[in-house]
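Asks: After the sequence you'll find the predicted model.
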Amino acid sequence: MGLTKIVSVNAGLPREVTWRGQTVSTGIFKRPVSGRVSVRTLNLDGDRQADLTVHGGKNKAVYAYPLPHYEFWKEELPGHDLPLGIFGENLTVEHLSEDEVHIGDRFSAGSAELVAVQPRMPCYKLGIRFGMDEMVLRFRAARRNGIYFAVSREGELGEGDRLELIARDPNAVSISQITRLYLEGERADASAIRRVLLAGALPDGWRDYFTATLEKLASARQENDREAHT
């Protein structure tokens with residue numbers, strides 16, 4: 001995957017909605033915007049997140065979702081309206097494979113430069129957007145996560161611009177591999193986790209998670225060894 005096109009640029013400000021009898025503030029309601037949009041270190045102009053403890057920040061500055069995933073969800077959710085931006089993405093793009101994009105890969109987008117850093121693991125607010133709680137579990141099970149980017153060079157982009165790969169990360173740890181290892185939890189392969197930890201662009205939160213997982217795997221292995229010798 002070297003070159004794709006931005007089909008839609010989407011943004012939205014936080015709004016309050018009623019969900020399960022409670023008032024919730026969320027920025028997941030994104031809609032296509034026209035013209036050139038400035039890309040900043042923390043987000044796109046006109047776009048904000050409601051809960052900055054789990055959303056936003058430099059490692060979640062720009063979220064991209066591939067258009068082919070929409071075709072999958074049309075099959076999974078027949079009769080459900082799926083306007084561009086419904087997954088909360090800032091960029092809807094023609095093609096973007098989580099299997100082919102690596103942590104640390106660098107892309108040009110208009111005059112901006114982006115770095116792929118992590119998959120999207122949604123919270124309950126995706127369920128709010130779709131009007132059904134089970135959407136979060138279905139999204140994770142489908143492993144069509146989309147990709148979060150950090151902004152390495154601020155600039156402008158717009159609908160129709162190219163999203164072009166300009167540099168590969170030498171560690172070649174794919175976005176989908178992060179998702180797979182996360183879902184496997186303590187069943188994950190330790191050597192694969194150690195390889196992930198070599199990726200320099202891996203955010204601290206993921207680094208802490210995988211380091212802790214390695215420690216749990218090591219403890220479990222030691223316990224099994226003790227039991228085998230008693």
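Replies: It's in.

Asks: I'd like the average pLDDT over stretch 197-216.
Replies: Confidence over stretch 197-216 (mean pLDDT, whole number) is 96.

Asks: Determine how far stretch 59-71 lies from the middle of the whole chain.
Replies: Distance, stretch centre to chain centre, for stretch 59-71: 7 Å (CA atoms, centre = their mean, to the nearest Å).

Asks: Now do the buried residues in it.
Replies: N59, K60, A61, V62, Y63, A64, Y65, P66, L67, H69, Y70 (16 or more other CB atoms under 10 Å). For every residue, glycine as well, the C-beta is placed using N, CA and C.

Asks: same check, this time on stretch 199-215
Replies: For stretch 199-215, a neighbour-count test (16+ other CB under 10 Å) marks A199, A201, L202, P203, W206, Y209, F210, T213, L214 as buried.

Asks: Give me the distance between the residue positioned nearest the centre of the chain and N90.
Replies: Geometric centre of the chain, nearest residue: R120, 2.6 Å, by CA atoms, centre = their mean. Separation of R120 from N90 (CB to CB, to the nearest Å) stands at 11 Å.

Asks: Quick check: neighbours shared by these two?
Replies: Between them, R120 and N90 share these contacting residues under CB atoms under 8 Å, 6 or more residues apart in numbering: Y63.

Asks: How many residues are close by G2?
Replies: 10 (other CB atoms under 10 Å).

Asks: so which of the buried residues of stretch 199-215 comes closest to L77?
Replies: Nearest to L77 among those: W206, at 28.9 Å, using CB to CB.

Asks: got the contact list for the helix or strand bottoming out on mean pLDDT in the chain?
Replies: Scoring the helices and strands of the chain by mean pLDDT, DSSP states H and E places helix 204-228 at the bottom, with a mean of 85. With contact meaning CB under 8 Å, 6+ apart, helix 204-228 is reached by 59, 118, 178, 181-182, 185-186, 188, 190, 193-194, 196-197.

Asks: can you do 7 Å?
Replies: Q118, I178, E186, A188, A190, I193, R194, V196, L197 (CB atoms under 7 Å, 6 or more residues apart in numbering).

Asks: How far off centre is stretch 161-177?
Replies: 14 Å.

Asks: And it, end to end?
Replies: By CA to CA, to the nearest Å, the extent of stretch 161-177 from end to end equals 28 Å.

Asks: again, but for stretch 61-73
Replies: Its start and end residues considered, stretch 61-73 measures 25 Å (CA to CA).

Asks: ditto for stretch 170-181
Replies: Terminal residues of stretch 170-181 lie 20 Å apart, using CA to CA.

Asks: Same check on stretch 97-109?
Replies: Distance between the two ends of stretch 97-109: 16 Å, counting by CA to CA.

Asks: Pull the number of nearby residues for D105.
Replies: D105 - counted by other CB under 10 Å - has 24 other residues nearby.

Asks: Ok, the one 4 residues further on next?
Replies: A109 sits with 26 neighbouring residues when counted by other CB under 10 Å.

Asks: what's the answer for E154, then?
Replies: Using other CB under 10 Å, the number of residues around E154 comes to 13.

Asks: Looks to me like V117 is in a strand.
Replies: Yes - secondary structure of V117 (DSSP: H, G, I helix; E, B strand; the rest coil): part of a strand.

Asks: how far away is it from Q49?
Replies: Noted for V117: a distance of 16 Å to Q49, by CB to CB.

Asks: cool, and Y65?
Replies: Taking CB to CB, one finds Y65 at 16 Å from Q49.

Asks: And for I147, the neighbour number?
Replies: Counted with other CB under 10 Å, residues neighbouring I147 total 27.
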